[in-house]
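In: below are the sequence and a predicted model for it; my questions follow.
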Amino acid sequence: MRKPLIVGNWKMWGSREKAKNLVAGIVAQDSDEMVDWGVCPPFPYITQVLEQVGCDRVGAQTVSADVDVPHTGDVSAAMLADLGIRWAIVGHSERRAERGESDGIVSQQLRCAIEKGLTPILCVGETFEQREQGNEERVVRSQLEVALAGAEANWPLVIAYEPVWAIGTGVVAEPHQVQAMHAMIRSVLSNLGISGGETPILYGGSVKPENANGLFALDDVDGALVGGASLDSEAFLAIIEAARSAKAA
C-alpha cells in the first residue's frame, strides 16, 4: 500500500520567525509515521527548517534546469543536494505560466534533480479553458510524456495533479474528476515503464481540512500538495490527520 504523503508548498511567504513557529507547531503535534509529510519553504529559510525537522521533511520549490553555468539567481540541483534536502518541485503551473518554464525545461529540471539524488515532485494540470474544451487528459498526458521521456523504472518520483483552475481559487475539482485524472496518470506512468502502482500521486488545488477527507478516500489519491492551508499549522495537521484516517479506514 502506498504511504500517504502531504507536502506543504509555502510559495513566497514568511519570515524566519514565521517559518520557525509554523514548523514548531507541526512537529509538536505530529510524530505518527503512518503518514509521510514535508514542507517546501522559500530558499532563504531552507537551512533553518532543515535544522528543525531534518532532511527527510524538506524540499525546494524549484530547481535550475542547468548545470555549472553562470546564471544569476539560479539554484542548482547539486546545491540542493549539498544541503541534504529530499524533494524538488518541478513544473508547478505558476512557474510554467509566469516564468516560461516549458515542458522541455521541466524535463531538464527533473533529470537534474534525479541525477543529484533528489526526488522530484512533478506537477501537471490543465487550465480551465483546456478542460472546457475537453482537452484535460490530452494536456496532462503530454506533460507527463515530455517530462518523463526515457524514464527509468527505478526513478524516484512523485506526481502532483494540480488543475490550474483550482490553485488558490478556493475551487476544488469534483471527486470524480480527481479520481479519473489520477487513474489516467497512473496508467500513463505504467505505459512509460514507471511503476504506476507504486508512484505516489498527490492532488493539489485549494486542499483544506474541510475537503481533505473526501479527496483522500479516492482510490488513486495518495496525498496532497498543499498551498495556503500549509501556512497554518493546525490546518496542515488536520490535513495530515485526514490522510491518516483514510489509510486506517
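Out: Looks like it arrived, so ask away. Numbering: from 1, shown residues only.
In: next, Glu136: phi, psi?
Out: With angles defined as degrees, to the nearest 10, Glu136 sits at phi -60, psi -40.
In: same question for Trp37.
Out: phi -150, psi 160.
In: what's near enough to touch it?
Out: For Trp37, the contact set (CB atoms under 8 Å, 6 or more residues apart in numbering) comprises Leu5, Ile6, Val7, Gly8, Ile26, Asp30, Arg57, Ile240. Glycine gets a C-beta too; all of them are placed from N, C-alpha and C.
In: among the residues you listed, name the ones in strands.
Out: Of the positions in the contacts of Trp37, Leu5, Ile6, Val7, Gly8 sit in strands, assigned by DSSP state E.
In: now those: which count as buried?
Out: Leu5, Ile6, Val7, Gly8 (16 or more other CB atoms under 10 Å).
In: and the ones in strands among the contacts of Trp37, which is closest to Ser190?
Out: Leu5 (19.5 Å; CB to CB).
In: the closest one against Thr199, yeah?
Out: No: assessed by CB atoms under 8 Å, Leu5 is found out of contact with Thr199, at 10.8 Å.
In: who does the strand or helix carrying Ile89 pair up with?
Out: For Ile89, the host element (DSSP states H and E) is strand 87-90. According to DSSP bridges, strand 87-90 forms sheet pairs with strand 59-60 (parallel), strand 119-124 (parallel).
In: report the buried residues of the following helix or strand past the last one.
Out: Put plainly, it is strand 119-124. Later in the chain than strand 119-124, the nearest helix or strand by DSSP H and E is helix 128-132. For helix 128-132, the neighbour count (16+ other CB under 10 Å) marks Gln130, Arg131 as buried.
In: could the strands paired with strand 87-90 go into a markdown table alongside mean neighbour count and mean pLDDT?
Out: Output for the strands paired with strand 87-90, formatted as a markdown table (neighbours: other CB atoms under 10 Å; pLDDT from 0 to 100):
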| stretch | mean neighbour count | mean pLDDT |
| --- | --- | --- |
| strand 59-60 | 26 | 98 |
| strand 119-124 | 26 | 98 |
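In: now Phe236: which helix or strand?
Out: helix 233-248.
In: for Arg186, that is, sorry about that
Out: Assessed by DSSP H and E, Arg186 sits inside helix 175-191.
In: what lies in contact with the helix or strand just after that helix?
Out: Downstream of helix 175-191, the next assigned helix or strand under DSSP H and E is strand 201-203. The contact list for strand 201-203 (CB under 8 Å, 6+ apart) reads 5, 7, 121, 158-162, 173, 178, 182, 185-186, 215, 220-225.
In: now strand 201-203: how far from the chain's centre is it?
Out: 7 Å (CA atoms, centre = their mean, to the nearest Å).
In: got it, and stretch 179-186?
Out: Centre to centre, stretch against its chain (CA atoms, centre = their mean), the figure for stretch 179-186 is 16 Å.
In: likewise for stretch 24-38?
Out: Worked out by CA atoms, centre = their mean, stretch 24-38 lies 17 Å from the chain centre.
In: what does stretch 216-236 give?
Out: With CA atoms, centre = their mean, you get 10 Å for stretch 216-236.
In: before we move on, what about stretch 157-167?
Out: Stretch 157-167 sits 7 Å away from the centroid of its parent chain (CA atoms, centre = their mean).
In: can you give me the end-to-end span of that stretch?
Out: End-to-end distance for stretch 157-167: 22 Å, by CA to CA, to the nearest Å.
In: average pLDDT across it?
Out: Stretch 157-167 carries an average pLDDT of 93.
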